[in-house]
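Chemist: with the input below, show me the fold.
(chains A, B, C and D)
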Number of protein chains: 4
Amino acid sequence: MTQPTSYRLTGTCPDRVGIVARIAGFIAELGGSIISANQYEDTETEMFYMRYVVGAEPLGMDADAFRAAFEPVARELDMTWSLRSSDCPQRVVLMASRQDHCLADLLHLRRSGDLVFDPVCVISNHDDLRDLAEWHGVPYHHVPVPKVGEGKQQAFETTSALIREAAPDTIVLARYMQILPPWLCAEYPNRIINIHHSFLPSFAGARPYHQAFRRGVKLTGATCHYVTEELDAGPIIDQDVIRIRHHDSIDELVRRGKDVEKRVLARGLRYHLEDRVLVQGNKTVVFS
Amino acid sequence: MTQPTSYRLTGTCPDRVGIVARIAGFIAELGGSIISANQYEDTETEMFYMRYVVGAEPLGMDADAFRAAFEPVARELDMTWSLRSSDCPQRVVLMASRQDHCLADLLHLRRSGDLVFDPVCVISNHDDLRDLAEWHGVPYHHVPVPKVGEGKQQAFETTSALIREAAPDTIVLARYMQILPPWLCAEYPNRIINIHHSFLPSFAGARPYHQAFRRGVKLTGATCHYVTEELDAGPIIDQDVIRIRHHDSIDELVRRGKDVEKRVLARGLRYHLEDRVLVQGNKTVVFS
Amino acid sequence: MTQPTSYRLTGTCPDRVGIVARIAGFIAELGGSIISANQYEDTETEMFYMRYVVGAEPLGMDADAFRAAFEPVARELDMTWSLRSSDCPQRVVLMASRQDHCLADLLHLRRSGDLVFDPVCVISNHDDLRDLAEWHGVPYHHVPVPKVGEGKQQAFETTSALIREAAPDTIVLARYMQILPPWLCAEYPNRIINIHHSFLPSFAGARPYHQAFRRGVKLTGATCHYVTEELDAGPIIDQDVIRIRHHDSIDELVRRGKDVEKRVLARGLRYHLEDRVLVQGNKTVVFS
Amino acid sequence: MTQPTSYRLTGTCPDRVGIVARIAGFIAELGGSIISANQYEDTETEMFYMRYVVGAEPLGMDADAFRAAFEPVARELDMTWSLRSSDCPQRVVLMASRQDHCLADLLHLRRSGDLVFDPVCVISNHDDLRDLAEWHGVPYHHVPVPKVGEGKQQAFETTSALIREAAPDTIVLARYMQILPPWLCAEYPNRIINIHHSFLPSFAGARPYHQAFRRGVKLTGATCHYVTEELDAGPIIDQDVIRIRHHDSIDELVRRGKDVEKRVLARGLRYHLEDRVLVQGNKTVVFS
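Modeler: Residues are numbered from 1 along each chain as shown, chains lettered A, B, ... in the order given. Model (predicted):
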């Protein structure tokens, strides 16, 4: 099912009368067909958020020409914006540790064409998942991370260098069990996606299934969010939960949790890859 | 929480380049602020569906003036449309039989202001729910419906006369256990809303919980749909399910089903009352 | 659907070999038919939890005789236990403030026979819901609670006296917006049920919808739990969530939250009324 | 997380007073510790269903000795029963066509130890998934199935021979897009598990997503069931649904449906592998 090429135009600007008319008018003047249009006016902050998908064919211009044409409109509206062509899949660096459920799911979704991205490489602090990555034809970098000290700092510098070389659009922490140092997080704002194995803000930090077990909650969940310098506190992209029962052991929580983790990460990453997520302070607008 | 008045403009027309620009341009020219905008282009039928909510205050015209101003635009676009002011709640006739769960829920939601409509009257083939309706200050008409024959036809003529007199925008079958005759359905196309106690198209017709029990399904559900002449086959507005287990008896299915019935009916009716539902052949576009 | 009388025998004791055999053997010796049997062995604490429902008729003894017969078995097993006859509905005191959604739902479920309890009275710090309670034939006590000081202490003493007079099995805080003083909580351990309008432990305390809105979560929920002296920290009986979107305002969260609040409270209360909940430290075993 | 060995004793017999006492007494006499016990009395058919998990260690006998000891008890109760040791994973034949989502998920769950079975071989009517199977170390048989005629009959005979040679406990149709001939279904009653890509009984047969799209349902689902000679009509093990919207194309339904298909198949298969499913006519008792 090859889709015809389309351009995804996303943007944020101060709200005022006439924005939709201006955007839609601009597209209509070029003869462009709107495949889908979403907008959201946040009445509290008086900001406007939008996502337009425009067919490339009737438009008859490439992405750069479309960008150049839109630039004056964006300036006029004081808009922060971006435009991505549907035929340029994002470059993604995947980071994992020992557990394979998230990595395996993402790589399989990509292999079957159900999730479109270019997996530049896998970086892991263990060597366990090399076979999996390499079977999918994805280069694998093993960067062990010592528990403390200078070695740890060095490991993250190596990691950082590998990421820089990969030049990714997006970095996915697919159950990478290390906390990235703040300076590394700061280099990729709203571009590092993490899956946390609890329903945030409940049970942030370490061993959330143990915390959930101790508290005796009746649902447990997973949260896909952008990574910021504060642990497990970045903008949330998606969440989901599963029902648990008194007889579920911690091992059972862990096992059942994997299912919701991989599902929420795949869904959140899809929103991100399709440019459906706009960050609004510490929250997200998701045009799902 | 009184909301400021707004106008809901909904419409359907053949799809073509420039519709959004035309609509949004028209609103911007009048200085109108768009509170929310939804559109959908159906690529299969090449039809365009939209819902715009426009603040009444900056617009500075009443609903009729706005209608008059929009009329030429609609003609130009060959659009079937309607405009409703948020301060004109729909007139609703509620029909019920003996079970009170749906009727009680709708009347309570309306009483607390969580669902906005004007309950003109309740019509029932039994007298059981008179107290409930009258406590909410809603007139109650008891129209017994014989099982067969001329009396049955007469009952529906009486019902029809009561409805005509009530001049409703919408008729809600809140577990009204009678099948309306086709001629009565035909008088109110896409204006009669039914709650069916199964996940349609599974278990249409009589005694769906018994059917579900016999088949041994693991989920049961409810469906809110517009009534057409063909039984349980009209456009679906909303559906939901609940999980059932092998030890649930039919009585238990009935009891647990009531919860999902009232929830789905309230949600579907809300979409309808807020002009979020556009009928597309035998399907619905729901801007939720 | 009148059910034949049955006895619900629930108990907790240290785990060891042969408990089920002892219990089931005891029932079989009396010729009793087991309608349903649940047990749970907690391997961590080495405690055993059970719920047996036994038909009264083949047994041919009343509840007191059955209690007397079971007493030696319980002593032998070092079991904390209780036995309730299905034809003795629990006496319930309902407490509410201004919002009617939970109270209305519980009273309607009871009226239609879908939730079986004896509503002894409603106690409220406002007079708003008197009509609702009285229409259901339930006495209503209005006990205003000042914000601070001696008057507040006095109000809770009045409340406590009213409760004592009502001699309830269970007290339900159906969105009663006051924090009960610890001495009052301590009088009714595992017998006061609260509905908190968040997915605990997220957003405990005041204004959880505002907290959820600020954090930008993608699901919000409700939690039904036993009240302990520590606010919103007692054993959880049931929880559920609903999906929210970026365009949901706080008012919208409040409105949509009501639906999940009333649903979770009704479900949690049902489990409690049917003796399906056994408290295990700060957690619950729920034989649902 | 290696679990200590346990025996799962499942059985069905006519209901009568004293069964639980007899079973639990038998286990207690042997000094066995009950890890979990489930029973269900079907009042309509007056049949009794049970599943006991008994620790192997305190029992001090192997599975065969336990079987021999239980045999007289079973005879006395007129019970159809089976006993499986937790350290004897079931032999499973997996059948697939071209789509890899279910097969990949099952093989990954097995690889990570989250689903315990012995994948004897994969049989497919296409050669596409050979790499996947062989990477997991599972033999792959490519048996093309012509659309009609003698070749088709022959293909199923080859398939049948391969299955017989594999001597499986269970056969899983992991989106195997062929209809098995009745004679082949009849050879493995309640041992062939299929995943159907709709919420049965809605949309049985071919192209369920197309059927769902045409009908305009608001939820779509998947059903895991035992295969019988009648297409898509066997006993249902598990079902689940996902919400769909008016703008979801058929391709989108197919893509989103894969997620619920793999989830429901994995869950249903787990119940089966853990001996949690007892067939009751055309329904199932699932001790989940």
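Chemist: mind listing the strands the helix or strand harbouring residue A:221 pairs with, and their directions?
Modeler: Assigned by DSSP states H and E, residue A:221 belongs to strand A:219-226. Using DSSP bridges, strand A:219-226 pairs in its sheet with strand A:192-196 (antiparallel), strand A:236-243 (antiparallel).
Chemist: and the most far-flung residue of chain A relative to its centre, what is it in contact with?
Modeler: What lies farthest from the middle of chain A is residue A:247; by C-alpha atoms, centre = their mean that is 34.4 Å. Shown in contact with residue A:247 (C-beta atoms under 8 Å, 6 or more residues apart in numbering or on different chains): C:40, D:36. For glycine as for every other residue, the C-beta is placed from the backbone atoms N, C-alpha and C.
Chemist: relative to residue D:175, how far out is it?
Modeler: In this view, residue A:247 and residue D:175 are 32 Å apart by C-beta to C-beta, to the nearest Å.
Chemist: residue A:273 now?
Modeler: 25 Å.
Chemist: still on that earlier bit, where does the residue farthest from the centre of chain A sit: helix, strand or coil?
Modeler: At residue A:247 the chain is in coil, as set by DSSP: H, G, I helix; E, B strand; the rest coil.
Chemist: tell me the pLDDT at it?
Modeler: Per-residue confidence (pLDDT) for residue A:247: 95.
Chemist: list phi and psi for it.
Modeler: Phi and psi for residue A:247, reported as degrees, to the nearest 10, are phi -90, psi 0.
Chemist: look up how far residue C:17 lies from it.
Modeler: Relative to residue C:17, and taking C-beta to C-beta, residue A:247 is found at 19 Å.
Chemist: repeat that for residue A:223.
Modeler: 43 Å.
Chemist: can you pull the contacts of the residue lying closest to residue A:208 once chain neighbours are set aside?
Modeler: Distances taken as C-beta to C-beta, 6 or more residues apart in numbering or on different chains place residue A:198 nearest to residue A:208, at 3.6 Å, with adjacent residues excluded. Counting by C-beta under 8 Å, 6+ apart, residue A:198 touches A:204, A:208-209, A:211-212, A:220-223.
Chemist: just give me the closest of these to chain D.
Modeler: Nearest to chain D among the contacts of residue A:198: residue A:209, at 12.9 Å, using C-beta to the nearest C-beta.
Chemist: partner residues bridging the closest residue to chain B within the stretch 101-250 of chain A?
Modeler: Relative to chain B, the nearest point of the stretch 101-250 of chain A is residue A:243 (8.7 Å; C-beta to the nearest C-beta). Bridge pairing for residue A:243 (DSSP bridges) gives the partners residue A:219.
Chemist: can you report how many residues neighbour it?
Modeler: Using other C-beta atoms under 10 Å in any protein chain shown, residue A:243 has 14 neighbouring residues.
Chemist: where does chain A dip in pLDDT?
Modeler: A:1-2 (pLDDT under 70).
Chemist: so does the longest helix along chain A get close to chain B?
Modeler: Longest helix in chain A, counting residues (DSSP state H): helix A:250-273. No: contact of helix A:250-273 with chain B (C-beta under 8 Å from any C-beta of the partner chain) is absent, the minimum separation being 15.3 Å.
Chemist: ok, now which ones touch residue A:186?
Modeler: For residue A:186, the contacting residues are residue A:229, by C-beta under 8 Å, 6+ apart.
Chemist: before we move on, which element is it in?
Modeler: With DSSP H and E as the test, residue A:186 turns up in helix A:182-187.
Chemist: so how far is that helix from its chain's centroid?
Modeler: 16 Å (C-alpha atoms, centre = their mean, to the nearest Å).
Chemist: same question for stretch A:9-29.
Modeler: Counting by C-alpha atoms, centre = their mean, stretch A:9-29 is centred 25 Å from the centre of its parent chain.
Chemist: same deal with stretch A:187-196?
Modeler: Remark: stretch A:187-196 is offset 7 Å from the chain centroid, using C-alpha atoms, centre = their mean.
Chemist: which residues touch it?
Modeler: Against stretch A:187-196 from outside (C-beta under 8 Å, 6+ apart): A:102, A:160, A:163, A:168-176, A:180, A:185, A:204, A:208, A:222-228, A:232, A:234-235, A:237, A:261, A:264-265, A:268-269, A:272, A:279.
Chemist: residue A:211 against residue A:203, yeah?
Modeler: Yes: counting by C-beta atoms under 8 Å, residue A:211 does reach residue A:203; the two are 4.3 Å apart.
Chemist: and chain A, which residues reach chain B?
Modeler: So chain A meets chain B at A:17-18, A:20-22, A:24-25, A:27-28, A:31-37, A:39-41, A:58 (C-beta under 8 Å from any C-beta).
Chemist: show me which of the residues you listed neighbour chain C.
Modeler: Among the residues of chain A next to chain B, the ones lying near chain C by C-beta under 8 Å from any C-beta are residue A:40.
Chemist: and the residues of chain A next to chain B, which are buried?
Modeler: The neighbour-count test (16 or more other C-beta atoms under 10 Å in any protein chain shown) marks A:17-18, A:20-22, A:24-25, A:27-28, A:32-35, A:37, A:39-41 as buried among the residues of chain A next to chain B.
Chemist: of these, which belong to helices?
Modeler: Using DSSP H, those in helices are A:20-22, A:24-25, A:27-28.
Chemist: pick the one among the residues you listed closest to residue D:136.
Modeler: Taking C-beta to C-beta as the measure, residue D:136 lies nearest residue A:27 of these, at 48.7 Å.
Chemist: check contacts around the closest one.
Modeler: A:34, A:52, A:54, B:20-21.
Chemist: and if we set it to 7 Å?
Modeler: Listed by C-beta atoms under 7 Å, 6 or more residues apart in numbering or on different chains, the contact partners of residue A:27 are A:34, A:52, A:54, B:21.
Chemist: got a markdown table for those, with distance to residue C:113 too?
Modeler: Output for the contacts of residue A:27, formatted as a markdown table (distance: C-beta to C-beta, whole Å):
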| residue | distance to residue C:113 |
| --- | --- |
| A:34 | 54 |
| A:52 | 54 |
| A:54 | 58 |
| B:21 | 58 |
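Chemist: what does the longest helix of chain A contact?
Modeler: Helix A:250-273 is touched from outside by A:90, A:101-102, A:105-106, A:109, A:115-117, A:170, A:172, A:174-175, A:193, A:195, A:197, A:209-210, A:212-213, A:220-224, A:237-242, A:244, A:277, A:286, A:288, D:1, D:114, D:259, D:263, with contacts defined as C-beta under 7 Å, 6+ apart.
Chemist: now the buried members of the residues you listed.
Modeler: The neighbour count (16+ other C-beta under 10 Å) marks A:90, A:101-102, A:105-106, A:109, A:115, A:117, A:170, A:172, A:174-175, A:193, A:195, A:197, A:209, A:212-213, A:220-224, A:237-242, A:244, A:277, A:286, D:114, D:259, D:263 as buried among the contacts of helix A:250-273.
Chemist: count of neighbours near residue A:164?
Modeler: With other C-beta under 10 Å as criterion, residue A:164 counts 10.
Chemist: doesn't it lie inside a helix?
Modeler: Yes: under three-state DSSP, residue A:164 sits within a helix.
Chemist: now the end-to-end length of stretch A:44-58.
Modeler: The first and final residues of stretch A:44-58 sit 38 Å from each other (C-alpha to C-alpha, to the nearest Å).
Chemist: next, the buried residues of that stretch.
Modeler: By neighbour count on 16+ other C-beta under 10 Å, the buried set for stretch A:44-58 is A:47-56.
Chemist: how about CSV for those residues, with secondary structure and distance to residue C:141 added?
Modeler: Below are those laid out as CSV (DSSP: H, G, I helix; E, B strand; the rest coil; distance: C-beta to C-beta, whole Å):
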residue, secondary structure, distance to residue C:141
A:47, strand, 49
A:48, strand, 51
A:49, strand, 50
A:50, strand, 54
A:51, strand, 54
A:52, strand, 59
A:53, strand, 60
A:54, strand, 64
A:55, strand, 67
A:56, helix, 70
